[in-house]
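Peer 1: Pasting the sequence and the predicted model now:
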Amino acid sequence: MRTDRWKYAVAAPDGDPWEDSGAARYVETELYDLWADPHELDNLAGLASHRKIADNLGEALVRWMVRVGETPPEIEPAPVRDAGGRHVDPEVRQLPWDGLPFGHRATTGHPAE
């Protein structure tokens with residue numbers, strides 16, 4: 001399933017992709033934030049920080065599957081994994097702008113610094 005921002009994928013571990021058109025059970029395999037990661041290098045599936053997003057996309061996928069005639073499947077969450085030191089912080093508390101050189105603002109008066 002893909003939105004303008006998210007790409008979400010599931011797999012049917014008990015199904016045969018060549019023989020079965022649907023399955024009763026799926027497991028989440030991928031979740032990408034296409035705005036932050038357009039090349040899909042950072043799979044967010046299984047991270048607690050993105051659980052709500054995955055749940056919403058999974059519900060939308062099941063609604064679509066039912067709409068096209070499939071029996072409502074079960075979608076199991078991706079195995080929980082450690083964020084590796086990452087976390088979502090929606091608020092920027094303080095940025096260390098002072099002392100940083102910018103092209104439009106020299107810190108010592110010299111234009112190259």
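Peer 2: Noted; the coordinates are in hand. This is a predicted model, so every value here is computed, not measured.
Peer 1: So residue 35 sits against residue 5, correct?
Peer 2: Yes: between residue 35 and residue 5 there is a contact under CB atoms under 8 Å: 5.2 Å. Every residue, glycine included, has its C-beta placed from N, CA and C.
Peer 1: Now do the SS call for residue 58.
Peer 2: Under DSSP: H, G, I helix; E, B strand; the rest coil, residue 58 falls in the helix class.
Peer 1: Next, the contact list for it, please.
Peer 2: For residue 58, the contact set (CB atoms under 8 Å, 6 or more residues apart in numbering) comprises 8, 10, 28, 75.
Peer 1: go on, residue 12?
Peer 2: By CB under 8 Å, 6+ apart, the contact list for residue 12 reads 20, 22, 23, 25, 26, 27.
Peer 1: In strands only, show me these.
Peer 2: Using DSSP state E, the members of those that fall in strands are 25, 26, 27.
Peer 1: which of the contacts of residue 12 has the most neighbours?
Peer 2: Counting neighbours by other CB atoms under 10 Å, residue 26 leads the contacts of residue 12 with 22 neighbours.
Peer 1: Which strand residues bridge the closest residue to it other than its chain neighbours?
Peer 2: Nearest non-adjacent residue to residue 26, counting by CB to CB, 6 or more residues apart in numbering: residue 10, 3.9 Å away. Judged by DSSP bridges, the bridge partners of residue 10 are residue 28.
Peer 1: So, low pLDDT: which residues of the protein?
Peer 2: 85-113 (pLDDT under 70).
Peer 1: where along it do the strands fall?
Peer 2: With DSSP E, the ranges of strands along the chain come out as 6-11, 25-33, 74-76.
Peer 1: Can you add distance to residue 58 and give those strands back as JSON lines?
Peer 2: Shown next, in JSON lines, are the strands of the chain (distance: least, CB to CB, whole Å):
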{"stretch": "strand 6-11", "distance to residue 58": "7"}
{"stretch": "strand 25-33", "distance to residue 58": "7"}
{"stretch": "strand 74-76", "distance to residue 58": "4"}
